[in-house]
Structures are given as structure tokens and as C-alpha cells.
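Participant: prediction below, plus the sequence it came from.
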Amino acid sequence: MEGALTARDRVGVQDLVLLEDYQSETAFLNNIKKRFKEKLIYVSFTYGQKKTFLLFLVIALKIIYSELYSNKKTTYIGSVLVSVNPYQQLGFYTPYHMEKYQGVNFYEMPPHVYAIADNTYRSMRNESSNQCILISGESGSGKTEASKYILQYLSVCSASNEQVEYIKSRLLQSNPVLEAFGNAKTHRNDNSSRFGKYMDIEFDYRGAPLLEGADDVLLSRLMLTKSPDKYAYTNQGKCAKVSSICDRRDFVAVQKALKVLDFSPKNIDELFCIVASVLHLGNVTFTQNEDGHAVVERQHEIQKIANLLGCQYEQLLQALTHRTIEANKEKMQSPLTVEQALYARDALSKAIYGRMFDWLVSNLNRSLTNKDLMRKNVIGLLDIYGFEIFKSNSFEQFCINFCNEKLQQLFIELTLKQEQEEYRAEGIEWEPVEYFNNKIICDLVEERHQGIIDILDEECLRPGDASDNTFLTKMEETVGKHPHFITHALGNSKLRKTIGYEEFRLVHYAGEVTYSVKGFLDKNNDLLYRDLKVAMSESKHDIIKQAFPVTELARLKRPETVGSQFRTSLNRLMDILMSKEPSYVRCIKPNDAKMSDRFDETLVRHQVKYLGLMENLRVRRAGFAYRRTHEIFLNRYKSLCPSTWPHYDGSPRKGVDVLCKYLDYKEGEYRLGKTKVFIRFPRTLFATEDAFQIRKHELATIIQSVFRGWRQKKMFMKMRDAVTLLSAQWKKVLAIRLREKRKKATVNIRKFILGFMTRLQPRCAENTEFLDYVRYSYLMRVKNHLPTSVLDKSFEHAPAALEEQCKHAHKGRQTVITETNYVAAWKTGALLQKLNMKNLTLKYVKSVTPQRKAAMEEKVLASAIFREKKKGYDESVGNPFQEKPRARIMSVISKKLHIICLTPIHLKPKMLAMIDAGEQTLYSCSVTKYDRHGYHPRPRTLILTSTATYLFDAKDGKLKQKIPHQELTGISTSSLGDNVFVLHAPSDKKEKGDAIVQSTFVIETITKLASIAKKDKEVKI
């Protein structure tokens, strides 16, 4: 039962007996679907439980197809677990989960295959009773995986010693061997078991693939290749290779398992040879000669088979194409037709492989049999095929469905009998249960002389021309009036449309199944010609000789038919199961596509029907849906009644009676047995459970509040004691620190005062620390107030104490020392200031770039020329000289405002073309030139190069005058601020002579010209 109030609506109920609408198949499917979507692949029916506690010792595993020698019969039936194949790996099969389910009450944990295994194991141990687990379902539903998990759980939960570990390892290693030789790839399942497997796991009194996987050497010895498509027996399904299976890894696992199980290297080699011979047999083909007899087409295949089986080539070749007939005590060789030869080939293949598998199982049993003769208990594990309904159903489906009919009959009988005995033991009146008794169908199949199996045997054994159609006619005559048997001839016009002429229909408990009689007689006979038996019995291989003993040839009685063998084995199996207390695992396949998130309701509904789950549920719900012992019920729900909470002093039965009356249970809703309480309707239990969930939260709140209060109080007391202790210790530490601090401060103050008093005396013990402190303080002040610029001339003065000390030292006796001290102390300030100035100067010099240095040199040159000589020089000092062309200044004069505009100079290409080749413009600016006649102003562009000064027309870029620097005799300007300067040059017919120029940046222009032309000495003001 899910704990949360909303969980049942979301994930359904985990016990289907508690399903409210148990008559509805749709409700049943919806509950399974909900749990499948939530990755809860298990759901259960519960039928009672017995207390078990400890775990015991595994001794042996016996895989049998016959009888178990046991005379004890019981009526107890365990639980039914419904398992849905998730088609993915889920995380609840770990050792942690195994441990969780060990020794736990069956109802305390969610449904799980481990719960079934643990409940069965503990029932066996505590009550010394034999148990069995029946696993059923269709191919691909997960039966084999369920049996593996059960075996793993039993091997883990049992006791352990050296002998037990030896048996456990063999038990677990038997699975790969059986799967390798007994499983096959089918259209429905990649690893389908092609045999019914029943295991008996004995406990002492304490309870304690070949082609793809083999290497090249082995394949060469077996004369095989790695391609399965080259062999007739492996290429018919077109699915020899499966992506989900690694043949190489599995082959290595099989080889390892065979060695662990003590198979000799010779036996292992013979097993592989037998498998290889079967593959080669499938490739044997026949052709018809002139007489109509069969002849082997490729006889070298027979040679391979003879070598692999250790028999004679001629004898095997003759046996495949001829048979010996004895008439009037005379033997003669009768040739076979092609059809008969193919039948003989297939019959030999099936016989060789089938008997090899029987030999393998027999040796596994001997390897795992417990040699101890003391009394043992047994847990049986049945992994068997489920009910099958295909489009075309034949003899195989007939046998499988008959087996499931018998198992269903066993289940119903044990369930009703267990219910009756439990009611009688608890003193509750038994109410008759209506259910479908499928015994009538079982009798239709197995009844002596009147059942279908005996009719089939009679047709197989009678002389004359017997066929599948005569078998069908015989059934119509014998069982034609049976209500569960229908044929085309016996049906009405509506049924005849759905049944063929060679078909019959049986109405099983799981539904109607139509069988085709074609091949029934051949499959039931399954005869192997005597010549082939003789050839096999004379083989040199041990396994073949044991599988085909010579004594078999001496038997003159006709072998038992397959149907009779199956009926006999099935009846023995029923006896085995009746001797044990069974539990059930019903496996369901959610879809045919093997997808983890798909739930095919039609497919699941079909499986629910033929597994008989609805019938099982109806039988179980015919009485009371829920039952528990008084102790368990009272312990769980006693908190709902004030009279039973927290403790009830009376008997558990009386306490349950008080609790039920308080919960207002109606008289027909429950019964009190001697040891259990029975509740009829799930809604009554769910209402109680919901009330318990609410009450649980209330109790949890109360418990939490009390616990939190106690915990907080305890924490407070602990913290208070800790704070008190820490406070006392901290106060102690602070007091010690304060005392030391004050003591140190007192000593320092005394030293300081004494040093101050003797500061002017020569250095001695009394004033050493004081003088050091004064010196240190002075140096720190100097450090913190150092000038940051070379223009800053301020500096800290040395303290007077140092000056006085220096004077006294100068008058002292030690001349060398006192003179040194005097110089050091008297000139300390000046020396430090000088060092700091040198450092600042060095930093400043290092930070000056070549461009800035050149600019500064020009400034120095300007200073040498114009300082205190030219008006306006002081204002120009702060303005750096420009390297780029100076902008042209244009004045705009209006009535109210005089505006000066700066217009950038763009040297025209014509100007640059007039400059001498190889010369570069070093400086340019806009100037105004005055004519010597009339002094008319002309706008010009002045360009300086390394060799000459050029004056260009500012408008059209024509060269107006060129003055080479060698011919420049001087530069003159006035001391006023008129911005006019004269360039003196010789005058002749070619040259114009002096140039009168006005420049806004007259100081900059003259300085640049003097620097470039190196005429600084010729500048006159």
C-alpha cells in the first residue's frame, strides 16, 4: 500500500487484491499501466503469510524433468507477483536491495521478486516445508531474468562456508551453459528459452554461442565459418545476429562455466563437435535418381559430419538414404524418397541435439547433487513457457497450452483449499465461491481413451493410411459433442467462416485457440530410423555413445509418442508442485517492439486473460480482501483510537475489536478471527489508511515539537555553559594582556622621560633609546613629506635635540667620533635634501623623451635669446612649441565683436614640389610679409628645411622667396610685442634681399629658424 494520500491515484495499488473494482478488466489494466509508467514493474496478489526470520545454507541445485521423491503434501499457497518487463536496466537489483528484503515482513516492503524469494525461503526454513516458485508468461516477458534474480537472491541470503561457496559458484555458472544450449533467437525474444526448466534447490537442516564467438582455430577444427547465413538451420529466421547479444563474450562465459562445472576438455570438445555436426546436417541436401530414390548431393558434407560425430562415413551415408525393413524374419534395405530422406535428416538433427541436451542436464545434476544423506528441505523453481496464441497454432502450442491449463487448475484448487482452511482455522464461516473450473478442458485433452492425446496416439499407431485429416475426423467422432471442442464440420455457419477444414478449436480458460492439424501425426511420432540409431551407437565419442546406448536397439517395443511423454512429464510435475507450497510470478510483456516506454493495452489485456490473472483475483476477492494478524493491525492503526494509543493493556484481539468499533466499521465489513482480522472491502481499508496517514503527520508534528523543544533546551544549556567558560577564560587572557601592556608602557614611559632629561648629554645608556626614537621619528617624517618636484625646495629640519647633541659631542674627548657625529648631525638635513633632489632630478631626466628634450632645448635657446629682451616672452614660456604646421589666424571684425579664428594649414603639393630634392619640411607656419615698397601685407606660408627658408603664396602656392641658410646674415626683431622680424639676406639681381615678416608666433618661429639654421648668435633685438 502506497504511503502518501495521493500516491494511489498516481501509481495505483501495489496489492491487486485491494483493487476497488476488481471485476473490471479495464481497472486491472489501468493499475498495471500506472505502475509501469512510474517504473514500478511489480504488483502482487497476497494470499497469506507466515513469520520467518533467519537465512540458511544452500547445498545443491537439481534441474530435472521428472519426479521429486517426496511424500509430504500441504495446502498452503503463497503470493502471486505480477512482473512487467521494463526493457531497460533498473536500479533495484543491487546488493543493497537484497539486504533490504532479507528477513523483512512480507507486507513491509513494496512488491519485488526478492520479496517472493525471501518469503519462500523463510517459510521453508521456519516450518521445514518444501516450497516452489512458479514463473510463467509468454516469450520475452522476462521469465528467465526473474529466475536469475531469484537464484542470485537465494545464493546471497543463505549461510556461507567453503563447501557452500563451491556449490553457489556452480549453481550460478549453470545458467550460461543452459542458455547457450537451450535458448534461441525468436521473433519475439532475443534469448528465448526453448525448454521448460524446473530446479530443486536443496537446503540442509540449518537452512543454510558458437559461430560468432569461437576463435579461428576452433572453427577450423569444426570445419565451420563465422557466417551463420551459410547454414540452413541458422539462416531461416533471417536474424542470426542480434545487436543486444555479444556472442564472443557469451562464448567465453560458456567455456569458463563448463570448466567450473568440471566438464573435461574432451567432453567440451565433443559438445562443440555435436553442435557443429547439427549445423552441417542442415546443409545436407538430396536429389532424386532415375529410380526415384534419394541421393546425397554433396557427399563431402557427410564426411565432415562423420568425422565430427566419430562414426563411419559409409554407414552414416547409407542410413540417411536407406532404412532397414524386417519382414518374415528377413531384413532388407529400402531406399528412401527425397521427402523421407529430409525427414530422416531432420529427425537425426533433433535427436542428436536433444539427447546431447539431456546428457548435459544429467551431468549438471550430478555435478551439483548434494552427497549428504541427511534430511533436506527444497525450494523448487519452475521457469516454463506461458500460454501461446498465434495466427497459426500447431502441435507445440497445443502442448504448451495444455501445460498452462494444468497449472491453472492447480492454482485454483490450491487457492480455494487454502482459503477454506484459513477460514476454518480462524473460525469464520466459509462462503462458496463461483469460478470457472477448467478441469473439463484438462479432461478433454488427457482423459484415457477419450482424450485428444490418446486419439492422436491411436491414429499414429493404427495400421493403414493414417493422416492428419483422419485424426481430425476421429476427434469429431469421439469428442465432437464436447462444449469446448469445435471444428469446421461441427460449427454453425458463422463459426465455419473462422475455422479452416484442417483446423479445430479449443475453448481454453484463457480464450479460444484454433489449431491446425497439419503435422500433428509426424510431430507426435518423432521417430528416428533404426539405421541412424545403429550408426550413432557405434560412435567413438563418449557423449554420442551415452546418448544412443546399444541397449536401446534391443528394445522391440515402439517408443512412446511425444504427446504421451509430455502428459507423463506434466503429471509428474503436478505431483511435484502439489508436494510443495507454491508462490507465483506472472510475467507480462508490455509491447512487441521491446521499447521501455510503450504500454500496448491490447497485448497486455491478452496476456492478463491467458495468464488467468482476473480469474485469480476474483477467487481471491470472493471472501475478504484484506487480512492481517491482530498484532500487526493493532500496532499499525492503534494511534487512531484514544483507547488504544499509545499502549493497549489488553489482548491484541480485544484491542482490534475496540479499534474497529471506534472507527465505526459496519458489521458486514469485517470479521475477527482467532488470530487475524478480516476486512471485506478495500474502501474500508483505504479509509483507515488515509486516516492513519493524516494521524501520522499529526503525531510527527507533536513528536517534532517536543523533540525540538528538548533539543533546543539542551543546546541552550550547553551553549550557556560554554559561554560562561569561554567568558571566564577570555577575561583572564584580557587581564593578563592588560597587565603586560601596562607594565611595558610604564617601562617605556620611564625610559622616555629619562632620555628626554638627558637628551643634551653625550650618548649614554639613559638616552640611547630616546635619541634613537628621535632619529627614527625624524627619518619617518622626512619619508612621509619628501618633495615630489624638483621645483619644491622645502625640507624637514633636523630636531634640536640632535643639534644640541652634536654640539656636545663636538666638545667631547673623542675627537674623531665627535667630529663625525657633529658633521653627520649638523648637516643631516642639507645632505638628505641634496640626495632627494638628485634622486628627483635623475627620475625627471630619465622620464624625458627625445622629442621633449629637443623641445626643452628649443625653450632654453629661446630663453637665451629673448629673456628680458622681448616683450611677450614670459607669456610664451608656458606654451610648448609645435612640431606640426601652425594654424592660420584669421580675424573677423564686426561692430560689436572681434573674433579670431584658427584655420588649419594644408601644405599644397605644389609647395612641396618646389622644395629641393631630398629636403624635408621641418617647420611651417602662416606669416604675413610686407613689401619693401609701400609695405603692403601679403599672406605667405613659411617653410623651414635643413638648408633654406621658403616663403610661398598662401593662395596659389607659388614660391615667392627662397633664402638659403648659408646666405642668411642675421635675424632682427624689436623688443616690442609687434611680432615683426626681419630676415637679412644679400640683395642682387636674382635675390630680393631682406624679408620683413610678421608672425603670430614670432618667438617660436625665430627660435626654430635660429636652431635649424644655427644662427642663434646672429639674432638681434
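Facilitator: It's in.

Participant: in this structure, which helix or strand is least confident?
Facilitator: strand 58-64 (a mean of 24; mean pLDDT, DSSP states H and E).

Participant: partners of the helix or strand following it in the sheet?
Facilitator: Sequence-wise, the next helix or strand beyond strand 58-64 is strand 80-84, with elements assigned using DSSP states H and E. Strands adjacent to strand 80-84 in the sheet, as given by DSSP bridges, are strand 42-45 (antiparallel), strand 581-588 (parallel).

Participant: quick check: mean pLDDT across the helix or strand Lys910 falls within?
Facilitator: Taking DSSP H and E as the criterion, Lys910 maps to helix 909-914. Helix 909-914 carries an average pLDDT of 85.

Participant: in that helix, what's buried?
Facilitator: Met911 (16 or more other Cβ atoms under 10 Å). C-beta coordinates here come from the backbone N, C-alpha and C atoms, glycine included.

Participant: which neighbouring elements make contact with it?
Facilitator: Counting contacts by 3 or more Cβ pairs under 8 Å, 6 or more residues apart in numbering; DSSP states H and E, helix 909-914 packs against strand 948-953.

Participant: which secondary structure elements does the strand it packs on contact?
Facilitator: Contact here means 3+ Cβ pairs under 8 Å, 6+ apart; on that basis strand 948-953 packs against helix 909-914, strand 937-944, strand 959-964.

Participant: bridging residues for Glu512?
Facilitator: In this structure, Glu512 has beta-bridge partners Val507, where bridges are defined by DSSP bridges.

Participant: quick revisit: deepest in the core, which of the helices and strands packed on strand 948-953 is it.
Facilitator: Ranked by mean neighbour count under mean count of other Cβ atoms under 10 Å, the helices and strands packed on strand 948-953 are led by strand 937-944, which reaches a mean of 20.

Participant: pretty sure Ala347 sits in a strand.
Facilitator: No. Following the definition DSSP: H, G, I helix; E, B strand; the rest coil, Ala347 is helix and is not counted among the residues of a strand.

Participant: can you give me the domain assignment for the protein?
Facilitator: The chain breaks down into these domains under the TED database: 205-239+247-369+527-555, 395-517, 652-755, 767-812+822-847, 857-998.

Participant: Ile116: which of those domains is closest?
Facilitator: Of all the domains of the chain, it is domain 395-517 that lies closest to Ile116, at 15.0 Å by Cβ to Cβ.

Participant: next structured bit after the lengthiest helix in the chain?
Facilitator: With secondary structure taken from DSSP state H, the chain has its longest helix at helix 682-757. Moving toward the C-terminus from helix 682-757, the next helix or strand (DSSP H and E) is helix 768-784.

Participant: what ranges do the strands span in the stretch 251-400 of the chain?
Facilitator: When secondary structure is read from DSSP state E, counting those that start in this stretch, the stretch 251-400 of the chain shows strands at 286-288, 294-296, 322-327, 330-335, 377-383.

Participant: show the end-to-end separation of stretch 860-877, please.
Facilitator: The first and final residues of stretch 860-877 sit 10 Å from each other (Cα to Cα, to the nearest Å).

Participant: same question, stretch 667-674
Facilitator: Counting by Cα to Cα, you get 17 Å between the two ends of stretch 667-674.

Participant: list every C-alpha atom in stretch 572-583, with coordinates, as PDB.
Facilitator: Output for stretch 572-583, consisting of C-alpha atoms alone and laid out as PDB, is shown next (Å, rounded to 0.1, in the frame of the first residue of the first chain):
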ATOM      1  CA  ARG A 572       4.900 -35.800 -12.600                       C
ATOM      2  CA  LEU A 573       5.400 -32.000 -12.500                       C
ATOM      3  CA  MET A 574       1.900 -31.500 -11.000                       C
ATOM      4  CA  ASP A 575       2.800 -34.100  -8.300                       C
ATOM      5  CA  ILE A 576       6.000 -32.200  -7.500                       C
ATOM      6  CA  LEU A 577       4.200 -28.900  -7.200                       C
ATOM      7  CA  MET A 578       1.400 -30.400  -5.100                       C
ATOM      8  CA  SER A 579       4.000 -31.600  -2.700                       C
ATOM      9  CA  LYS A 580       5.200 -28.000  -2.100                       C
ATOM     10  CA  GLU A 581       3.800 -24.700  -1.000                       C
ATOM     11  CA  PRO A 582       3.800 -22.700  -4.200                       C
ATOM     12  CA  SER A 583       4.300 -19.000  -4.900                       C
END
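
Participant: now it, how far from the centre of its chain.
Facilitator: The gap between where stretch 572-583 is centred and where its chain is centred comes out at 42 Å by Cα atoms, centre = their mean, to the nearest Å.

Participant: with stretch 282-295 instead?
Facilitator: In terms of Cα atoms, centre = their mean, the centre of stretch 282-295 is found 58 Å from the chain centre.

Participant: which residues touch it?
Facilitator: Stretch 282-295 is contacted by residues 230-234, 296-298, 301-302, 305, 320-321, 335-338, 340-342, 345, 349 when judged by Cβ atoms under 8 Å, 6 or more residues apart in numbering.

Participant: kindly report the same for stretch 465-474.
Facilitator: Contact partners of stretch 465-474, identified using Cβ under 8 Å, 6+ apart, comprise 455-456, 458-460, 487, 502, 504, 517-521.

Participant: all set now, cheers.
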